[in-house]
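J.: Quick one, structure for this:
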Amino acid sequence: MSGFVEKPEPLQVSGLVHLHTGKVRDLYRNEAGDLVMVASDRISAYDWVLPTEIPDKGRVLTQLSLWWFDRLRDLVPNHVISTELPAGAPADWEGRTLVCRSLRMVPVECVARGYLTGSGLVEYRESRTVCGLELPEGLSDGSELPAPIFTPATKAAVGDHDENVSYEEVARQVGAETAEALRTTTLAVYARARDIARERGIILADTKFEFGFDGDDLVIADEVLTPDSSRFWPAATWEPGRAQPSYDKQYVRDWLTSPASGWDRGSEQPPPALPQDVVDATRAKYTEAYELLTGTAWTAR
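T.: Modelled structure (predicted):
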């Protein structure tokens, strides 16, 4: 069993209706029918939402998403209407809240991979494929692929794990035209972001996007190109054949699976609280990713 170790109670705000508590974000609807998305400092690993928060994480995710949305708007529109705090919302929501268009969401995680690692590496070692796409022999952990690939996944509920699926399965579920639009847009956005990150000394190994429709228009939604949704590696130390250092929650994963945590991942017991040094190191990874990508110093609010 997995999910929330301690599920938080949603905050009640006048004029807002709580809709959903996700792994990281709390979703509300305002009186105009727009969505209000609040990024918390929660962190998840191995399909568990941990009991310990990472200070500033929600603001880093929100502000970095906004930075990327600005650089992608000529490729695909985004769902953001406003960053103004809703009337009556707590001051702590400042910098972590987006008022967004309500979209007809596509039930697919749109993943782009430029490098082989993670679940893609596991499948490659078994069959020399990723999501049914054949890849050349001789690749290893961290290898750059001959060209970026679209490797979609099902969107899982909190506590469940996304499952990789083939492009043909996506086309069956959402239709051929929508599937092609998802693939084309995902790869175009990945290519733009990869080039921007590379200029800043960062490899964008892979990333996932969520899309929805506003009428007939495909719109990118949720977060985009953050350390929660992407693997960012320092280009200077990239070396295929081993796990790469990364700007994300790998530090948390490594601690949880180390003897220091005392946690058995194979058990049904929830993971323990994170020690302060792991919290501090993880926060530093998130803020460093923000600073390297944007060229702006992170300022806690």
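
J.: Quick one: mean pLDDT over the top strand by length along the chain.
T.: When the chain is parsed with DSSP state E, its longest strand is strand 202-214. For strand 202-214, the per-residue pLDDT values average out at 97.

J.: what's it packed up against?
T.: Counting by 3 or more CB pairs under 8 Å, 6 or more residues apart in numbering; DSSP states H and E, the packing neighbours recorded for strand 202-214 are strand 104-105, strand 108-115, helix 176-199, strand 217-221, strand 230-234, helix 276-294. All C-beta atoms are positioned from the backbone trio N, CA, C, and that covers glycine.

J.: In TSV: those, plus mean neighbour count, mean pLDDT and distance to Val170.
T.: Output for those, formatted as TSV (neighbours: other CB atoms under 10 Å; pLDDT from 0 to 100; distance: least, CB to CB, whole Å):
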stretch	mean neighbour count	mean pLDDT	distance to Val170
strand 104-105	12	96	14
strand 108-115	23	97	6
helix 176-199	17	98	5
strand 217-221	19	98	14
strand 230-234	22	96	20
helix 276-294	18	96	29
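
J.: out of these, which comes closest to Val80?
T.: Shortest distance between Val80 and these, using CB to CB, is found for strand 217-221: 9.1 Å.

J.: contacting residues around the closest one?
T.: The contact list for strand 217-221, computed with CB atoms under 8 Å, 6 or more residues apart in numbering, reads 69, 72, 76-79, 100-101, 103, 105, 181-182, 185, 189, 209-213.

J.: So which residue is smack in the middle of this protein?
T.: Ser229 (1.8 Å; CA atoms, centre = their mean).

J.: I'd guessed that residue sits against Lys208; true?
T.: Yes - Ser229 is within contact range of Lys208, at 5.3 Å (criterion: CB atoms under 8 Å).
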